[in-house]
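**Q** dropping a prediction and its sequence here:
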Amino acid sequence: MKAFLSSLSRSKRYVVAELFLVYFAQGLSSIMLGSVLPDLRAAYALDYQIGGTLLSAQSIGYLGIGLLSGLAAIKWGLKRAYLILYYVFAVGFVMLLTNGSPVWLLAAMFLTGISKGAITDYNNRVMSEYANGSATPLNMMHAAYAFGACVAPLAVLACHKLGGDNGWRLALEISIVLLTASFIFGLFMKMDDDKSTKTEQNSATDYGFFREKLFWLCTALCFFYEAVEASMMGWLTSFYIDSGVLAADAAQIITSLLWVSLLIGRFSCSVIAAKFRPWQMITVMCFGVAAFLVLLVTGTTLPILAVATIGLGLCMSGMYGTTVANLFSRYPASMGIYVTLNGFGAAMAPAAIGIAANRAGIRWGFATLLIAGVLLVVSAVLNARYFKGRQHSKAVSRA
């Protein structure tokens, strides 16, 4: 990472600092939503189905912006588009604090989803360009998100101690302050001086990736991965509390273990990536996600839930960064569409959990994630077969 930073100009290092800070702020804010969801539902008298719909509204905003973020960068300039679309996250949080109408809350969550989708696109796009497709800077950037995420449940727990029943409001207010600080820091960067906007213009019509099997394999992997991640981000704390296994304070601490594990895993992936091929790492991680999901859904004691949570965090840690680095380096124009298609998984899964939980309880609702876990394994096996086939073809051609 030190060599990567030393290879950049001073202005680009400032941009990288902003990318890291923004991902930290969004990681903290996104997981705060899941951590305060039980309190928000109680404060506004919302059932599981409405809660799941709120999480899906965020994911719909996330996938809806995927095709428009590139156009916004061209029309407004990359820096202006980045800062505007980033800050609507804070606007959404302000809306969550001001009114409990379901329609108003849906609009607020939709705005946070727009921000998440745009920043996912821009951050990965800019960092991939700076890193020339190397997975290490990408995984380090995603580690900043994980660091913010692992702090979030502990921050919510502290806010509950300070604010009592209004602790969830205090947590969102702190998040708004952090989002605003990141926005102000970004005002002084020179993002428009890089080649990202030109790259978008030059590659806007390069849609050859649609014919490539690799694109669809990576899309399937991240579709089911994001279904799991979005559900874990939104429902995990509620699952712990409402299943009756953990008290509220313990649930926040165990939730933070997921993101501590993700943080450790993303640092580890930066080292492991130098020794193993991406498809090998992805295969192991997908099987691990499926196995630990089973353990989480069936677990009824604190030790089992802790092991399942830590295992999930470690196995989820490198999925997105590894697949993005592999795909984006070959097809720069694919990122917006890639984010959009993957967003359908993130949009569908939380709502499905909410509907199932309303009818059969939170544990059975959470069990619907096992479907995504199985399909994730299937996608990983097909991905491994694809790369093994390529290796065999190269060996035959050399012979």
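**A** Happy to help now that I have it.
**Q** what ranges in the stretch 101-250 of the chain fall below the confidence cut-off?
**A** Applying pLDDT under 70 to the stretch 101-250 of the chain flags residues 133-135, 192-207.
**Q** helices along that one, start to end?
**A** Taking DSSP state H, counting those that start in this stretch as the criterion, the stretch 101-250 of the chain contains helices spanning 102-131, 135-163, 167-186, 196-203, 213-242, 248-272.
**Q** how about the longest helix along the chain: buried residues?
**A** Of all the segments assigned as helix in the chain under DSSP state H, the longest by residue count is helix 10-44. Taking 16 or more other C-beta atoms under 10 Å as the neighbour-count basis, helix 10-44 is seen to contain the buried residues 12-16, 18-41, 44. To be clear about C-beta, it is placed using only N, CA and C from the backbone, and glycine gets the same treatment.
**Q** for stretch 77-85, same thing?
**A** Within stretch 77-85, the residues that qualify as buried by neighbour count (16+ other C-beta under 10 Å) are 78-79, 81-83, 85.
**Q** and the nearest residue to residue 365 once chain neighbours are set aside, what is it in contact with?
**A** Closest residue to residue 365 in three dimensions, ignoring its sequence neighbours and counting by C-beta to C-beta, 6 or more residues apart in numbering: residue 357, at 2.9 Å. By C-beta atoms under 8 Å, 6 or more residues apart in numbering, residue 357 lies in contact with 48-49, 52, 364-366.
**Q** for residue 63, see how far away residue 357 is.
**A** Remark: distance between residue 357 and residue 63 (C-beta to C-beta, to the nearest Å) = 23 Å.
**Q** so how many other residues sit close to residue 386?
**A** 15 (other C-beta atoms under 10 Å).
**Q** in what helix or strand does it lie?
**A** helix 369-398 (DSSP states H and E).
**Q** now do the buried residues in that helix.
**A** Neighbour-count burial for helix 369-398 [16+ other C-beta under 10 Å]: 369-370, 372-373, 375-377, 379-380, 383-384, 387.
**Q** can I get the residues you listed in JSON lines with pLDDT and distance to residue 224?
**A** Below are the buried residues of helix 369-398 laid out as JSON lines (pLDDT from 0 to 100; distance: C-beta to C-beta, whole Å):
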{"residue": "369", "pLDDT": "92", "distance to residue 224": "10"}
{"residue": "370", "pLDDT": "94", "distance to residue 224": "11"}
{"residue": "372", "pLDDT": "93", "distance to residue 224": "5"}
{"residue": "373", "pLDDT": "93", "distance to residue 224": "8"}
{"residue": "375", "pLDDT": "95", "distance to residue 224": "5"}
{"residue": "376", "pLDDT": "94", "distance to residue 224": "4"}
{"residue": "377", "pLDDT": "95", "distance to residue 224": "9"}
{"residue": "379", "pLDDT": "93", "distance to residue 224": "6"}
{"residue": "380", "pLDDT": "92", "distance to residue 224": "9"}
{"residue": "383", "pLDDT": "89", "distance to residue 224": "12"}
{"residue": "384", "pLDDT": "90", "distance to residue 224": "15"}
{"residue": "387", "pLDDT": "83", "distance to residue 224": "18"}
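**Q** just send these back as JSON lines, with distance to residue 222 too.
**A** Converted to JSON lines, these look like this (distance: C-beta to C-beta, whole Å):
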{"residue": "369", "distance to residue 222": "16"}
{"residue": "370", "distance to residue 222": "18"}
{"residue": "372", "distance to residue 222": "12"}
{"residue": "373", "distance to residue 222": "14"}
{"residue": "375", "distance to residue 222": "12"}
{"residue": "376", "distance to residue 222": "10"}
{"residue": "377", "distance to residue 222": "14"}
{"residue": "379", "distance to residue 222": "9"}
{"residue": "380", "distance to residue 222": "12"}
{"residue": "383", "distance to residue 222": "11"}
{"residue": "384", "distance to residue 222": "16"}
{"residue": "387", "distance to residue 222": "16"}
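**Q** ok, so of those residues, who is nearest residue 348?
**A** If you rank the buried residues of helix 369-398 by distance to residue 348 using C-beta to C-beta, residue 372 comes first, at 9.3 Å.
**Q** surely the closest one meets residue 344?
**A** No: the criterion here is C-beta atoms under 8 Å, and residue 372 misses it with residue 344 at 12.0 Å.
**Q** mind checking which of the contacts of residue 357 land in helices?
**A** 48-49, 52, 364-366.
**Q** which among those residues end up buried?
**A** Buried among the ones in helices among the contacts of residue 357 by 16+ other C-beta under 10 Å: 48-49, 52, 365-366.
**Q** neighbours of the closest residue to residue 13 other than its chain neighbours, how many?
**A** Nearest residue to residue 13 in three dimensions, chain neighbours excluded: residue 5, at 5.9 Å (C-beta to C-beta, 6+ apart). As a burial measure, residue 5 scores 13 neighbours (other C-beta under 10 Å).
**Q** from residue 141, how far out is residue 5?
**A** For residue 5, the distance to residue 141 (C-beta to C-beta) stands at 12 Å.
**Q** go on, residue 118?
**A** Look at residue 118 and residue 141: by C-beta to C-beta, they are 15 Å apart.
**Q** more neighbours: which of those two?
**A** Set residue 118 next to residue 141 and count neighbours by other C-beta under 10 Å: residue 118 wins out with 28 against 23.
**Q** you'd agree the more buried one is up against residue 69?
**A** Yes: using C-beta under 8 Å, residue 118 makes contact with residue 69 at a distance of 4.6 Å.
**Q** overlap of the contact sets of the two?
**A** Residues touching both residue 118 and residue 69 by C-beta under 8 Å, 6+ apart: 81, 85.
**Q** mind listing what residue 141 touches?
**A** Residue 141 sits next to 19-20, 23, 123, 127, 321 when contact means C-beta under 8 Å, 6+ apart.
**Q** hang on, the earlier thing: and the helix holding residue 386 with helix 213-242, angle?
**A** Between helix 369-398 and helix 213-242, the angle comes out at 160 degrees (axes from the mean of the first three to the mean of the last three C-alpha atoms, to 10 degrees).
**Q** roughly how far is helix 369-398 from the heart of the chain?
**A** 23 Å (C-alpha atoms, centre = their mean, to the nearest Å).
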